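[1] just to be clear, the model below is a prediction. Sequence and coordinates:
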Amino acid sequence: MTLTAPLPTDVEGEAPPSGGEDVRKGSWTVSIIVLLIVVLWLIPTIGVLVTSFRPEAAVETTGWWTAFAHLFDPAQWTLDNYSQALDTAGFQNAFLNSLAVTIPSVVIPITIAAFAAYAFSWMEFRGRYVMFVAVVGLLVVPLQMALIPILRLYTGGAQIGGVPIFPDLELNGTFLGIWLAHTAFGLPLAVYLLRNFIGSLPSSIIESAKMDGADHFTIFWRLVVPLSVPALAAFAIFQFLWVWNDLLVARIFLGGTEDTRVLTIALQTLNGSRGEDWHLLTSAAFITMALPLVVFFALQRYFIRGLTAGAVKG
Amino acid sequence: MTTTVEEPPVAPEPEREPDLGEKRPRARQAAGLAVLRIVGALVVPIAAFALLWLAFDFLRDTDANRFVLVGVAIVVGVGGVFFLYWAMNRAVDWLPERYRGGVRPYVFVGPALVILAVFLVYPVINTIIISFGGRQPGSGFVGFDNYEFVFTDDSMRRALRNTLGWIVIVPLVATSIGLAFATLADRLRRGEAVAKSLIFLPMAISFVGAAVTWRLIYGFRPEGFGTNIGLLNGIKQGLGMSPTAWLQVKPWNNLLLMVIMIWIQVGFAMVVLSAAIKSIPDEIIEAARIDGASELQVFRRIIVPTIAPTIAVVATYMVINAMKVFDIVFVIGGAETNQTEVVAERMIQWFFISNNDGRGAAIAVILFIAVIPVMIFNVRRFREQEALR
């Protein structure tokens, strides 16, 4: 929406040390309320995690919270649910498909946006301001507006008065089709964020590189891209989460066949067909969450910066 | 910053072609330049497309091992896009020198513009046209019938009403909890970072995953059909009450679905607001305390007014997200029987499941109209910022 909101860089921002003993700090009531909210917030995730490691018979007959009564009884825990979800329910294949969809859907828009952002910032050409304002305007267009026409392009091409203007490429159900869709939906945000960052690099660096005879491509690749890593990483994480967790775009452009379906679709299908098989459903749910959670814990700083930067997107 | 950057190597001087353009009249030069610019901007995406498509045509027809297939797909997708920019840039180097400066920006910016034009601008126009048509392409012009349907159909009206509930309640509750938690966590002596991480954690989970997760909380089995393993009904039965089919209690089930989204988004509100609170100068708050202000007064009179712009940003973001909520309702299912329809979910229902493009498009246009004010606001803010640069 606006850039006036400070974009936090991390959650570790402890308050600056205030001089002297602060009576308001560390009061018991505050600690207890905070602890209570944290526990409340964790309960759903813990429920899934605990259930996913319990044997089917136990899951069906007792609530997951009863497992805490026999925490150290090895008969209470099993990995069978995971092997069943990965093999029988096809989540291994879905995981691979999710990777195949997500990695290019992150890299392609970043590459295209970075080139465009560089041009908008450091190259002179007619209409650059108008073009960039148009991109800013596209930030909030709901992707629902794009679904029907793109699906029609993918399945039949486009014609005006019988003259084909967009060929029928049979893109529906292909990785390429979904990469292009995700690229387009992520592009306005990527261009906007990267242009703000690349445009604020000191012009003296760019100018001195030009003096040394570097062309635009060299400046971009050897100078601007390395300097823009924080912005690139922030967008990459936002886009990664967005694509990995997306159900809608995958549902429409990739479909639900066993071969091509991604994790979110596999989970949704399982939820529909075997909605009461909680041992399977919870392990499957945890498989879909695993990678984002790893990214969350490993790259927390970038992760939060990426998500909050994404707030400008509608 | 500058010290860490290695000196860029001097680019090799591209071979020059004999300069013939000098003799041509200027108008023809301009026309030639325009054509070159357009071609330059178009060739990259089209070439990228052709290359990727050929690679995929090949991949589609092989029965290779799934791991290999996925690996190759990733390499082709990731490598292809960069390779084509490089190739196009080389192509520009071969142009007569005077044209290079004019064409190169369009090679850099063209692909982005072409993709946005084909996948966002054209669809917006096309969707508006489709919304005045029938079920399928070529089924004729139906005027405002689809819009009439949107505002008269019972299920659609419920969807509009429910979505209104979502865009009021979710931002309000999520922002309030986020603000309260940020303020409280700020006063912790230890463990602030851990507490905030744990609240933020649901942001990593997909809406599908979250819906499944919360089904485990709301789970219901009628008496005689097995143990109730849903947490809420487990508690009820533990207290000796009979279980409730939570997700079928109209209209409160809508609130239960909103809780899922609130659970996910509080972390976002908390992180952004916490950063804003920490940027308030300590002296201001200390001064108020010395003047005898209570903690509640400090919160209401100083903290909230100071960070009001940030609160507005967070709330706006959540309003737009709530407007487009789809996955949660869709995955929980039974929207019509449980009367939990929302606008974006109806759009998919009509377009994708009932195959009625006209109605789906009309619903999408309603969503689009709802975000237009935000779009105008965005552009205006952007221009103000640019004016200040």
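    Everything's here; your move.

[2] just the buried residues of the strand or helix carrying A:Thr288, please?
    Assigned by DSSP states H and E, A:Thr288 belongs to helix A:278-298. Buried residues in helix A:278-298, counted by 16 or more other CB atoms under 10 Å in any protein chain shown: A:278-289, A:291-292, A:295-296. Every residue, glycine included, has its C-beta placed from N, CA and C.

[3] do stretch B:106-120 as well
    Buried-residue list, stretch B:106-120, by 16+ other CB under 10 Å: B:106-116, B:118-120.

[4] please pull out the lowest mean pLDDT helix or strand from chain B.
    None of the helices or strands of chain B scores lower by mean pLDDT, DSSP states H and E than helix B:26-61, at a mean of 69.

[5] what about the stretch 101-250 of chain B, any weak spots by pLDDT?
    Within the stretch 101-250 of chain B, not a single segment meets pLDDT under 70.

[6] and chain A, by the same measure?
    Flagging of chain A using pLDDT under 70 yields the residue ranges A:1-26, A:157-169, A:306-314.

[7] leaving out the residues flanking it, which one is nearest to B:Val121?
    Counting by CB to CB, 6 or more residues apart in numbering or on different chains, B:Val121 lies nearest to A:Leu138, which is 7.4 Å off, once chain neighbours are set aside.

[8] contacts only, for the one you found.
    A:Pro188, B:Leu116, B:Leu120, B:Val121 (CB atoms under 8 Å, 6 or more residues apart in numbering or on different chains).

[9] in strands, which of those appear?
    Assigned to strands by DSSP state E, none of these qualify.

[10] help me confirm that B:Gly77 comes into contact with A:Val106.
    No - look at B:Gly77 against A:Val106 with CB atoms under 8 Å: they stay out of range, at 10.1 Å.

[11] those two: which has the busier surroundings?
    More neighbours surround A:Val106 than the other of B:Gly77 and A:Val106, with 26 against 23 (other CB atoms under 10 Å in any protein chain shown).

[12] any part of the helix or strand that contains B:Gln297 near chain A?
    According to DSSP H and E, B:Gln297 maps onto helix B:295-297. Yes - on the criterion CB under 8 Å from any CB of the partner chain, helix B:295-297 is in touch with chain A at B:Glu295.

[13] can you name the next helix or strand after that helix?
    Downstream of helix B:295-297 (by DSSP H and E), the next one is helix B:304-306.

[14] pull the distance from that following helix to the chain's centre.
    Taking CA atoms, centre = their mean, to the nearest Å, one finds helix B:304-306 lying 28 Å from the centre of the chain it belongs to.

[15] got the buried residues for the next helix or strand along the chain from that helix?
    Beyond helix B:304-306 on the C-terminal side, the first helix or strand identified by DSSP H and E is helix B:308-323. For helix B:308-323, a neighbour-count test (16+ other CB under 10 Å) marks B:310-311, B:313-323 as buried.

[16] buried set for the helix holding B:Gln297?
    Here helix B:295-297 shows B:Glu295 as buried, counting by 16+ other CB under 10 Å.

[17] from B:Leu69, how far off is the spatially closest residue to B:Ala55 that is not a sequence neighbour?
    Spatial nearest neighbour of B:Ala55, excluding adjacent residues (CB to CB, 6+ apart): B:Val76 at 4.6 Å. As judged by CB to CB, to the nearest Å, B:Val76 and B:Leu69 stand 11 Å apart.

[18] returning to what we had before: for the helix holding B:Gln297, packing partners?
    Contact analysis of helix B:295-297 by 3 or more CB pairs under 8 Å, 6 or more residues apart in numbering or on different chains; DSSP states H and E lists no helix or strand as a packing neighbour.

[19] identify the residue nearest the geometric centre of chain B.
    Against the mean C-alpha coordinate of chain B, by CA atoms, centre = their mean, the closest residue is B:Asn321 at 7.7 Å.

[20] so that one makes contact with B:Gln265?
    Yes - B:Asn321 lies in contact with B:Gln265 (CB under 8 Å); the separation is 7.2 Å.

[21] find residues that contact each of these two.
    By CB under 8 Å, 6+ apart, the residues touching both B:Asn321 and B:Gln265 are B:Val170.

[22] can you name the residue of the stretch 251-389 of chain B nearest chain A?
    Closest to chain A within the stretch 251-389 of chain B is B:Ala275: 3.3 Å, counting by CB to the nearest CB.

[23] what's around the nearest residue to B:Ile260 once chain neighbours are set aside, how many residues?
    Among residues not flanking B:Ile260 along the chain, B:Trp214 sits closest, at 4.8 Å (CB to CB, 6+ apart). The number of residues packed near B:Trp214 is 25, by other CB under 10 Å.

[24] helix or strand for B:Trp214, which one?
    Secondary structure (DSSP H and E) places B:Trp214 in helix B:207-218.

[25] can you pull the phi/psi pair for A:Val34?
    A:Val34 adopts backbone torsions of phi -60, psi -50, taken as degrees, to the nearest 10.

[26] right, and it touches B:Leu184 too?
    Yes - using CB under 8 Å, A:Val34 and B:Leu184 qualify as a contacting pair, with a distance of 5.3 Å.

[27] which of these two has more neighbours?
    Of the pair A:Val34 and B:Leu184, A:Val34 is the one with more neighbours under other CB under 10 Å, namely 21 against 18.

[28] which residues touch the more buried one?
    With contacts defined as CB under 8 Å, 6+ apart, the neighbours of A:Val34 are B:Phe181, B:Leu184, B:Ala185, B:Leu188, B:Ala195.

[29] what's the spacing between the fourth one and chain A?
    Same thing as B:Leu188. 6 Å (CB to the nearest CB, to the nearest Å).

[30] cool, the last one as well?
    Relative to chain A, B:Ala195 is positioned 5 Å away (criterion: CB to the nearest CB).

[31] how many residues are close by B:Trp244?
    Let me fix one detail, which is that residue B:244 is Thr and not Trp. 15.

[32] how many neighbouring residues does residue 152 have?
    Picking chain A for this. Neighbours of A:Arg152 under the rule other CB under 10 Å: 18.

[33] not quite, go with chain B.
    B:Thr152, neighbours per other CB under 10 Å, totals 9.

[34] what about B:Arg221, how many residues close to it?
    Using other CB under 10 Å, the number of residues around B:Arg221 comes to 15.

[35] my read: it touches B:Ser242, true?
    No - the criterion here is CB under 8 Å, and B:Arg221 misses it with B:Ser242 at 11.5 Å.

[36] before we move on, back to that, now tabulate the contacts of A:Val34 in a markdown table and tack on secondary structure.
    What follows is the contacts of A:Val34, written out as a markdown table (DSSP: H, G, I helix; E, B strand; the rest coil):
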| residue | secondary structure |
| --- | --- |
| B:Phe181 | helix |
| B:Leu184 | helix |
| B:Ala185 | helix |
| B:Leu188 | coil |
| B:Ala195 | helix |
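
[37] need the max-distance pair from those residues.
    Farthest apart among these by CB to CB are B:Phe181 and B:Leu188. That separation is 10.7 Å.

[38] more crowded one of these two?
    Each of B:Phe181 and B:Leu188 has its neighbours counted (other CB under 10 Å); B:Phe181 has more, 24 against 21.
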